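Participant: Build me a model from this:
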Amino acid sequence: MAAEGLDIRAQYCPQDWAWVVVEGGANDLNAARERGCDTVLDSLVSADGRQGDIADLVRRIRADGARVVALGYYQLSDALEDRGFCGDALSVLSDRIETMAALDPGVVFVSMAEVVPSADPASYDRDGVHPSARSSEAIGQAIARAIRSAEGR
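Facilitator: Take a look at the predicted model:
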């Protein structure tokens, strides 16, 4: 998980967190052409959700005592011509993250695809890739709802 010098694992700082939100892998998939999409997907999280950099990070966070919100990806804007990101690999990655989350009751999956409609250009920033302020707010609300639900509130 270190596309273009970025490594999401290095952004986690162990502390006395109640919840940690984990999202990552899209930049790796965008840069995957050299290594191959399937190879990169497998390195992020295996099809069974048990192996890979994301699964390892989530296990590390859980071992530190925090619960995890694992985010699945939204689709890129329908208006974006060159989707990149290995075609449908973002959907496959989201499915794998959901599978991983189902293995541990302390991990909650939130699908951003259900929050950011790909057919609505206003859902995205000008680049057609990143969420707009409105979509970012909706993502934050979805995360808050998931945490409240998991805590029985």
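
Participant: Just want the phi and psi numbers for the closest residue to residue 103 other than its chain neighbours.
Facilitator: Counting by CB to CB, 6 or more residues apart in numbering, the nearest residue to residue 103 once its immediate chain neighbours are dropped is residue 49, at 5.6 Å. Yep, even glycine has a C-beta here, placed from its N, CA and C like the rest. Note on residue 49: backbone dihedrals following degrees, to the nearest 10 are phi 80, psi 10.

Participant: surely residue 49 meets residue 94?
Facilitator: No. Under the criterion of CB atoms under 8 Å, residue 49 is not in contact with residue 94, lying 11.7 Å apart.

Participant: any weak-confidence spans in the protein?
Facilitator: Applying pLDDT under 70 to the chain flags the ranges 1-6, 32-34, 79-87.

Participant: where do the helices sit along it?
Facilitator: With DSSP state H applied, the chain shows helices at 26-30, 37-44, 53-63, 89-102, 133-150, listed in chain order.

Participant: beta partners of residue 69?
Facilitator: As for beta bridges, residue 69 partners with residue 21, residue 108 under DSSP bridges.

Participant: ok, so what distance separates it from residue 136?
Facilitator: For residue 69, the distance to residue 136 under the criterion CB to CB, to the nearest Å works out to 15 Å.

Participant: Is it correct that residue 122 is in contact with residue 131?
Facilitator: No. With the criterion set as CB under 8 Å, residue 122 and residue 131 do not qualify as a contacting pair; they are 10.5 Å apart.

Participant: Same drill for the two, tell me which one is more crowded.
Facilitator: When residue 122 and residue 131 are compared for neighbours, residue 131 comes out ahead with 18 against 10, by other CB atoms under 10 Å.

Participant: who's in contact with the more buried one?
Facilitator: Shown here is residue 131, whose contacts under the criterion CB atoms under 8 Å, 6 or more residues apart in numbering are 74, 112, 116, 123-125, 139.

Participant: before we move on, back to that, so which of the helices of the chain is nearest residue 19?
Facilitator: Between residue 19 and those, the shortest separation by CB to CB is 5.8 Å, and it involves helix 133-150.
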